[in-house]
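Colleague: quick one, what's the 3D model for this:
(one chain, ligands or ions: 2)
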Amino acid sequence: MPAPTTPTPHWPAPTATSPVTATVPLPGSKSVTNRALVLAALADGPGVVRRALRSRDADLMASALRALGATLEPAGESAAGVDWHVTPGPIRGGASIDAGLAGTVMRFVPPVAALADGPVSFDGDPHARKRPMGPILDALRSLGARIDNDALPFTISGPLAGGEVTLDASGSSQFVSGLLLTAARFEKGITIRHVGPPVPSQPHIEMTVEMLRAVGVTVDDSESDVWRVEPGPIAARDMTVEPDLSNAAPFLAAALVTGGTVTIPTWPERTTQPGDALRGLLTAMGATVTRSQSGADLVVTGRPTGEITGLDADLHEVGELTPTIAALAALATTPSRIRGVAHLRGHETDRLAALATEINRLGGDAEDTADGLVIRPRPLHGGTFHSYDDHRMATAGAVIGLRVPGVEVENIATTAKTLPEFARMWAGMLEAR
Ligand SMILES: O=C(O)C1=C[C@@H](OP(=O)(O)O)[C@@H](O)[C@H](O)C1
Ligand SMILES: C=C(OP(=O)(O)O)C(=O)O
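Modeller: Residues are numbered from 1 along each chain as shown. Ligands and ions are numbered 1, 2, ... in the order given. Predicted coordinates:
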C-alpha cells in the first residue's frame, strides 16, 4: 500500500542499550474519557469528569460537545489529566463538528446531534471519510433522522423519537456504543438488535453499558446481540477516568524487548478496558506479570535474554492491542498468527496491510490474511517505519526500534491522538533506573 508522506522529520527510535527498569504513570483512557464527556453533557445537571485525558481525540470530543451547547470548564490540569466541570445545555443545531480521525467522535456524537433543534454537520481528516459509518447512520435514519450521506462528511437533522433498530455492527462496536450512550434521551429509548458476523470489541460495549448504569440509566443486555435502553434522565455525577491500559501496551512491551521491568501505577483490579488482556497476552509471549506489593500497580518483566515467544491469538475482543502485539511478534523467535481482526481494516488506517508492509520494509516476514496477520521470525534491519497517521502504528515502530538500530518512525506526532507525551515518556522510560 502507498505510504503517506508528511513534512515532519522522522523520529529516530531509541535503541535500548540495557534492560529498562521504569515506572510509567499513564494519563486517562480515551474510551472512558469520551464516554464520560458525552454522558456529562447529556446529564440532568452539572457534573465533573476527573483525570480526563487531554489528547487530540479527547479535545475533539470536548469541542464537539461545546459546539452542541454544553459548557466545559477545565480545572486542576496536570500530567495526570484535567478535571472537566461540565454543565449541560439545550442541544443546539447549526454546529459544524470536526471528528478528526476519532472513531469515538464520529460514532458517539451524531446521536447527540440528532437531539438538536437544527441541522448539525460533521467532517474529519481525509482518512476519516473512509472509516465505516453506514450502519450507525442507517440506524439513525430508521429512527427518524435525516442524513445526507453514508460516510463523513454529512449533515444530520433530528428530531428522532427512538424505538427499535436492527444493524450490522460487525465493522465496529462503536456503532452500538454510540447509539446506547444517547438512547435514554430518546422519547422511546432504544432497542438495538445486531444481525451479522460477531460484534468486535465486546469489552468496549460492556464499558458503555457499565458507565450508563453508573449514571442511573436502565440497560437490558440479557439477550446476546440485543440491547434495550429505557428512556429517562442521565444522572449528573462525579466520574473519575482510569489510566489508559491500551496505551500501556508499548511500554509493557518494552519490558519483553529489553529483558527489563516496567511498572504501570494504579492498574485497576477490575476494568472493562480491553488493555487488561495484556496480562495474558504478554505472559503467553514470555513475560512474568505480577502486582506490586501494595497490589495497586502492574509489574511486567521480560525474560533476561529478551527472548520473545510468538503466539496464536484471536484479538477480536481487543483489536486495538494488535499493533503492539504484532511489533512483539516481529521480534519473536517463533511464528505468530493473529486472528479475528478483519475490522482493523476500518481503523485509523488499514492496520493489517500497514503492519505487514512496515514489518516487511524492515526485512521482516509478515503477511496480512483475511482476518489478521501471520508473522514469522526473520532478522530486521533499520529503515523508515511509516505511521499512516495512526498513533498505534507509530508506537509499534518505537517498540521495534528498541531492538533494531536505525528505525525511524515517520510522524511520531500522530501519537497525540491519544498520548501527546508519548515521545517524552518513551525517552523517560529509557533513562530511568
Ligand atoms: O468504543 C471505543 O472506545 C472503542 C472501540 C473499539 O472500536 P472498534 O470496535 O471499531 O474496533 C476500539 O478499537 C477503539 O479504539 C475504541
Ligand atoms: C481504533 C482506535 O481508535 P478510534 O477510537 O478512532 O476507533 C484506536 O485507538 O486503536
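Colleague: CA only for contacts and neighbour counts going forward, please
Modeller: Fine.
Colleague: name the residues of the stretch 101-250 of the chain found near ligand 1, please.
Modeller: Within the stretch 101-250 of the chain, the positions lying close to ligand 1 (C-alpha under 6 Å from any ligand atom) are Thr104, Ser172, Ser173, Gln174, Pro200, Ser201, His204.
Colleague: how does it look with 8 Å?
Modeller: 103-104, 171-175, 177-178, 199-202, 204-205, 208 (C-alpha under 8 Å from any ligand atom).
Colleague: same check, this time on the stretch 301-433 of the chain
Modeller: So the stretch 301-433 of the chain meets ligand 1 at Val318, Gly319, Glu320, His343, Leu344, Gly346, His347 (C-alpha under 8 Å from any ligand atom).
Colleague: confirm that the fourth one sits in a helix.
Modeller: Yes - under DSSP: H, G, I helix; E, B strand; the rest coil, His343 sits within a helix.
Colleague: so how far is Ala284 from Ala40?
Modeller: 39 Å (C-alpha to C-alpha, to the nearest Å).
Colleague: name the residue in the two with the higher neighbour count.
Modeller: Neighbour comparison, Ala40 and Ala284: the larger count goes to Ala40, with 30 against 16 (by other C-alpha atoms under 10 Å).
Colleague: residues in contact with the more buried one?
Modeller: Pro46, Gly47, Val48, Val49, Val86, Thr87, Pro88, Ala236, Arg237 (C-alpha atoms under 8 Å, 6 or more residues apart in numbering).
Colleague: next one: phi and psi at it?
Modeller: Main-chain torsions, Ala40, degrees, to the nearest 10: phi -70, psi -40.
Colleague: give the helix, strand or coil label for the most far-flung residue of the chain relative to its centre.
Modeller: No residue in the chain sits farther from the centre than Thr305, which is 31.8 Å out by C-alpha atoms, centre = their mean. What three-state DSSP gives for Thr305 is coil.
Colleague: can I assume it is in contact with Gly259?
Modeller: Yes - Thr305 is in contact with Gly259 according to C-alpha atoms under 8 Å; the separation is 6.0 Å.
Colleague: what's around the closest residue in space to Met239 that isn't next to it in sequence, how many residues?
Modeller: Once flanking residues are discounted, Met239 sits nearest to Val49: 4.9 Å by C-alpha to C-alpha, 6 or more residues apart in numbering. Val49 sits with 25 neighbouring residues when counted by other C-alpha under 10 Å.
Colleague: over to Thr17?
Modeller: Here the number of neighbours of Thr17 (other C-alpha under 10 Å) works out to 10.
Colleague: what segments of the stretch 1-150 of the chain are helices?
Modeller: Remark: helices assigned in the stretch 1-150 of the chain by DSSP state H, counting those that start in this stretch are 30-41, 56-67, 103-113, 134-142.
Colleague: any chance of the ones you listed in TSV, plus distance to Ala330 and mean pLDDT?
Modeller: Shown next, in TSV, are the helices of the stretch 1-150 of the chain (distance: least, C-alpha to C-alpha, whole Å; pLDDT from 0 to 100):
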stretch	distance to Ala330	mean pLDDT
helix 30-41	27	98
helix 56-67	29	98
helix 103-113	27	98
helix 134-142	35	98
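Colleague: looking at the ones you listed, which is closest to ligand 2?
Modeller: Of all those, helix 103-113 sits nearest to ligand 2, with 3.5 Å by C-alpha to the nearest ligand atom.
Colleague: which strands and helices lie in contact with the closest one?
Modeller: In this structure, helix 103-113 makes packing contacts with helix 30-41, helix 56-67, strand 154-157, helix 174-183, judged by 3 or more C-alpha pairs under 8 Å, 6 or more residues apart in numbering; DSSP states H and E.
Colleague: mind redoing it with 10 Å?
Modeller: helix 30-41, helix 56-67, strand 96-98, strand 120-123, helix 134-142, strand 154-157, helix 174-183 (3 or more C-alpha pairs under 10 Å, 6 or more residues apart in numbering; DSSP states H and E).
Colleague: any idea how far it is from the chain center?
Modeller: How far helix 103-113 lies from its chain's middle: 14 Å, per C-alpha atoms, centre = their mean, to the nearest Å.
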